[in-house]
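> whatever this is, show me its structure:
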Amino acid sequence: MLRNYSRRSLLAVTTAGLSFLAMPVAAQDWPTAPVHLFVGFPAGSSPDTIARIIAEPLSAALGQPVVVENKPGAGGVIGVQQMLAQKGTGHSLGITINGPLTTAPRLIDDLGYDPANDIAPVGLIATSPLVLAVGADYPADDATAFIEDARENPGDISYGSVGQGSGAHLTAELFASEAGIELFHIPFQSYAEVTTSILGGEIDGGFMAPSAALPHVEAGKMKMLGITSAEPFAQVPDVPVLAGQAGLPEDFRAELWNAFIAPAETDDATIQMLNAELIEILGDSEVQKKLLAIGWQTAPGTPDDLSARIAQDTAMWGEVIDKTEAED
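Numbers count the residues shown, from 1 in each chain. Okay, the predicted model is just below:
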């Protein structure tokens with residue numbers, strides 16, 4: 001299939017005379033100018049780091065500079081809006097976390113775009129689960145004991161997040177709903193504040209990135225009781241999955257992800273070429289190591305795979321949002 005070939009491979013095949021495998025002219029001639037890769041988070045953030053890891057080899061493959069444009073705000077939404085505002089240039093792409101494509105349409109009025117109609121999925125880049133982290137002095141040493149404690153003391157166990165509708169908040173609400181427990185949510189302005197409050201005993205715990213919790217676990221100040229991925233995560237392989245524990249469904253899963261996107265007007269041949277380049281980049285062991293070092297595991301796939309993931313997570317988080325709003 002076309003998407004299984006890199007752009008370089010396709011050009012080589014064409015040179016060999018197998019013109020029936022060549023890409024349409026629109027894809028062969030593109031890009032004709034520097035490519036702008038919009039990221040809705042500041043320099044140094046996880047999405048920004050991922051974008052820069054991707055940008056360098058992508059620039060070499062395309063033969064044009066790939067310039068990362070940081071447009072932070074509204075949980076990544078501003079970056080998507082800015083990508084779409086520049087769509088007329090034909091050289092506007094984006095890297096985004098899941099929120100702007102799945103939960104933002106439910107949480108933000110006048111979003112300015114419809115993911116289903118305005119966005120062309122290129123491919124999933126990487127996923128990151130969250131860990132249920134508690135302070136070292138918390139009496140439970142595993143998720144089953146934590147859930148049992150919460151069942152015996154409804155509403156007494158507190159957790160922190162970076163605000164209503166954040167990934168950590170919705171993950172905790174999904175976890176609580178599936179486990180049949182009630183937790184007390186305390187929103188903060190930053191993950192640093194959440195971490196400080198857990199370490200200081202002001203709150204019991206929270207869901208956070210493994211990379212954020214790991215240093216405190218290694219220092220003996222925090223415990224990781226379980227992880228939200230379907231399988232153990234390479235960065236913290238000894239942390240058990242939450243799925244199946246204490247009545248949680250066997251298919252329980254809640255992951256953050258980063259994706260490569262384009263404006264919907266982008267022609268399909270260009271999308272397929274970009275997807276092929278992305279898969280090639282993610283197959284590089286050095287890229288995989290760099291991503292894992294910041295807490296992300298590569299998850300290459302087709303544009304259709306990403307489209308299906310967007311639809312699946314939109315439905316799942318929509319149910320969580322509905323329930324949360326009904327309880328407020």
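> check contacts around the spatially most central residue of the chain.
Residue closest to the mean C-alpha point of the chain, counted by Cα atoms, centre = their mean, is Trp257 at 1.6 Å. With Cβ atoms under 8 Å, 6 or more residues apart in numbering as the criterion, the residues that contact Trp257 are Ile97, Asn98, Leu124, Ile125, Ala126, Thr127, Ser128, Ala299, Arg309. Just so you know, the C-beta spots here come from the backbone N, C-alpha and C atoms, and that holds for glycine as well.
> do that again at 10 Å, thanks
When contacts are counted by Cβ atoms under 10 Å, 6 or more residues apart in numbering, Trp257 touches 96-99, 101-102, 124-128, 167, 296-297, 299, 306, 309-310, 313.
> what's the answer for Ile227, then?
If a contact means Cβ under 10 Å, 6+ apart, then Ile227 has 129-132, 143, 207, 210, 233, 235-243, 254-255 as its contacts.
> and what of Gly155?
Listed by Cβ under 10 Å, 6+ apart, the contact set of Gly155 reads Ile181, Glu182, Leu183, Phe184.
> list buried residues within those.
Among these, the ones that count as buried by 16 or more other Cβ atoms under 10 Å are Ile181, Leu183.
> export the contacts of Gly155 to TSV and tack on pLDDT, secondary structure and distance to Glu327?
As requested, those are arranged in TSV below (pLDDT from 0 to 100; DSSP: H, G, I helix; E, B strand; the rest coil; distance: Cβ to Cβ, whole Å):
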residue	pLDDT	secondary structure	distance to Glu327
Ile181	95	coil	13
Glu182	96	coil	9
Leu183	97	coil	12
Phe184	97	strand	12
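> ok, whatever helix or strand Trp257 lives in: who's next to it in the sheet?
Here Trp257 is covered by strand 255-263, with elements defined by DSSP states H and E. Partner strands for strand 255-263, per DSSP bridges, with pairing direction: strand 92-97 (antiparallel), strand 119-129 (antiparallel).
> out of the ones you listed, flag the one nearest Gly283.
Distances from Gly283 to each of those were compared using Cβ to Cβ; the minimum, 12.2 Å, belongs to strand 119-129.
> that closest one - what's its average pLDDT?
If you average the pLDDT over strand 119-129, you get 97.
> gap between the strand holding Trp257 and the chain center?
Once both centres are worked out by Cα atoms, centre = their mean, to the nearest Å, strand 255-263 turns out to sit 7 Å from its chain's centre.
> what's the angle between the following helix or strand past it and strand 255-263?
Following the chain from strand 255-263 toward its C-terminal end, the next helix or strand by DSSP H and E is helix 268-282. Taking axes from the mean of the first three to the mean of the last three Cα atoms, to 10 degrees, one finds helix 268-282 and strand 255-263 inclined to each other by 140 degrees.
> could you say what helices and strands helix 268-282 packs with?
Contact partners of helix 268-282 among helices and strands, from 3 or more Cβ pairs under 10 Å, 6 or more residues apart in numbering; DSSP states H and E: helix 7-15, helix 25-29, helix 46-62, strand 119-129, strand 255-263, helix 285-293, strand 297-298, helix 303-327.
> repeat that for 7 Å
Using 3 or more Cβ pairs under 7 Å, 6 or more residues apart in numbering; DSSP states H and E, the elements in contact with helix 268-282 are helix 7-15, helix 25-29, helix 46-62, strand 119-129, strand 255-263.
> go through the ones you listed and name the closest to Ser285.
Going through the helices and strands packed on helix 268-282 one by one, with Cβ to Cβ as the measure, helix 46-62 comes closest at 12.7 Å.
> rounded mean pLDDT for the very next helix or strand once past that closest one, please.
On the C-terminal side of helix 46-62, the nearest following helix or strand under DSSP H and E is strand 66-70. Strand 66-70 shows a mean pLDDT of 98 in the predicted model.
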